[in-house]
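Asker: one predicted model, sequence on top.
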Amino acid sequence: MAAYRRKLLAAGLSCASSFINRSVCSQSRRRLTVLPAVLRKHWMTLSVTGALCAVPFTQKPESLSHEELVRRASSLVTDSTNTFLSQTTLALLDSLTSYVKAINSLVSLHKQYVDSIRKLSPAEEEAVWQVILQQRHGIIQRQKDCQSFESCWMTAINLSEVAAEAAFNAGADQASVSVHAYLQVAQSQVKHAQTLAIEAEKELKDSKAGDSKRLQNTLSTTEEDEDIPDAYLRED
């Protein structure tokens with residue numbers, strides 16, 4: 001009877017391993033497109049550890065030691081954190097890219113508005129101004145998206161660091177190295193995107209497109225000031 005149970009367990013493990021490996025590898029291949037090719041072999045290596053999910057925690061295969069099971073389990077954890085980090089990084093990069101594009105569009109639109117304000121009819125000026133207001137609203141919404149995804153991304157960073165340390169302590173050196181490689185790539189890409197966002201925000205501030213009001217009064221005031229001698233502009 002004991003021999004029959006062992007055969008039954010072995011058959012169950014083999015079946016579960018085959019199913020999980022196909023599922024995990026299929027998902028992993030779809031996500032690899034957003035990561036450098038140099039990391040792909042680590043991703044596929046870690047994916048095969050999904051078979052461990054079929055092992056009940058109250059039993060231990062006779063051919064594996066507890067140390068080996070812990071090491072493989074830590075590799076499975078790093079595989080999951082790599083997936084989480086990959087997806088949150090992609091989401092944050094996309095949101096930052098949309099944010100920068102929205103800022104650049106507003107700056108360009110506002111510049112055209114300023115240059116042509118004297119040539120626009122009241123109706124045309126009103127139409128352009130409404131578009132500017134919509135662009136401002138869009139920027140605010142995209143900024144909120146960036147903040148939300150950045151929070152998720154920071155959580156993924158922290159989880160990856162903990163997973164890398166756990167894998168190293170368990171003796172899963174390859175899994176630990178893989179996590180650190182993912183971390184470096186993710187942090188480098190996000191840093192670059194954040195730098196572009198900061199530069200775009202500075203350009204927006206300099207253009208005053210984010211807070212400028214209607215220009216008719218400004219233009220008329222400027223024309224009046226040009227006719228006043230400098231001596232009368234001095235403060236007492």
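Answerer: Perfect, I can see it now.
Asker: helices and strands around the helix or strand where residue 96 lies, which ones?
Answerer: For residue 96, the host element (DSSP states H and E) is helix 66-116. Using 3 or more CB pairs under 8 Å, 6 or more residues apart in numbering; DSSP states H and E as the contact definition, the elements that helix 66-116 packs against are helix 2-31, helix 40-47, helix 122-170, helix 173-207. For the C-beta atoms, the positions are set from N, CA and C on the backbone; glycine is no exception.
Asker: worst average pLDDT in the ones you listed?
Answerer: By mean pLDDT, the lowest-scoring of these turns out to be helix 40-47, with a mean of 39.
Asker: so who does residue 197 touch?
Answerer: Each residue near residue 197 by CB atoms under 8 Å, 6 or more residues apart in numbering is listed here: 96, 99-100, 103, 146.
Asker: in CSV, list the residues you listed along with distance to residue 194.
Answerer: As requested, the contacts of residue 197 are arranged in CSV below (distance: CB to CB, whole Å):
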residue, distance to residue 194
96, 7
99, 10
100, 10
103, 13
146, 9
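Asker: of the residues you listed, grab the buried ones for ChimeraX.
Answerer: Remark: buried members of the contacts of residue 197, expressed as a ChimeraX selection using 16 or more other CB atoms under 10 Å:
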select :96,99,100,103,146
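Asker: which single one of the contacts of residue 197 is nearest to residue 173?
Answerer: Comparing the contacts of residue 197 against residue 173 with CB to CB places residue 96 closest, at 33.4 Å.
Asker: was I right to think the closest one contacts residue 198?
Answerer: No: contact status for residue 96 versus residue 198: not in contact, 10.3 Å apart, counting by CB atoms under 8 Å.
Asker: identify the residue nearest residue 135 in space, chain neighbours excluded?
Answerer: Closest residue to residue 135 apart from its sequence neighbours, by CB to CB, 6 or more residues apart in numbering: residue 106 at 4.2 Å.
Asker: which residues does that neighbour contact?
Answerer: By CB under 8 Å, 6+ apart, the residues touching residue 106 are 132, 135-136, 139, 204, 209-210.
Asker: nearest to residue 76 among the residues you listed?
Answerer: With CB to CB as the yardstick, the closest approach to residue 76 among these comes from residue 139, at 41.3 Å.
Asker: neighbours of residue 173, just the number please.
Answerer: Each residue near residue 173 was counted by other CB atoms under 10 Å, and the total is 11.
Asker: which residues touch it?
Answerer: For residue 173, the set of contacting residues under the criterion of CB under 8 Å, 6+ apart consists of residue 167.
Asker: how much space between it and residue 85?
Answerer: According to CB to CB, to the nearest Å, residue 173 and residue 85 sit 19 Å apart.
Asker: ditto for residue 158
Answerer: Plainly put, residue 158 is 10 Å away from residue 85 if you go by CB to CB.
Asker: compare these two (neighbour count), which wins?
Answerer: Neighbour totals were compared for residue 158 and residue 85, and residue 85 leads with 24 against 11 (other CB under 10 Å).
Asker: what about the closest residue in space to that one that isn't next to it in sequence, how many neighbours?
Answerer: If the residues on either side of it in the chain are set aside, residue 85 comes closest to residue 156, at 4.3 Å by CB to CB, 6+ apart. Residue 156 sits with 24 neighbouring residues when counted by other CB under 10 Å.
Asker: residue 156 contacts residue 89, correct?
Answerer: Yes: proximity of residue 156 to residue 89 meets the contact threshold set by CB under 8 Å, at 7.4 Å.
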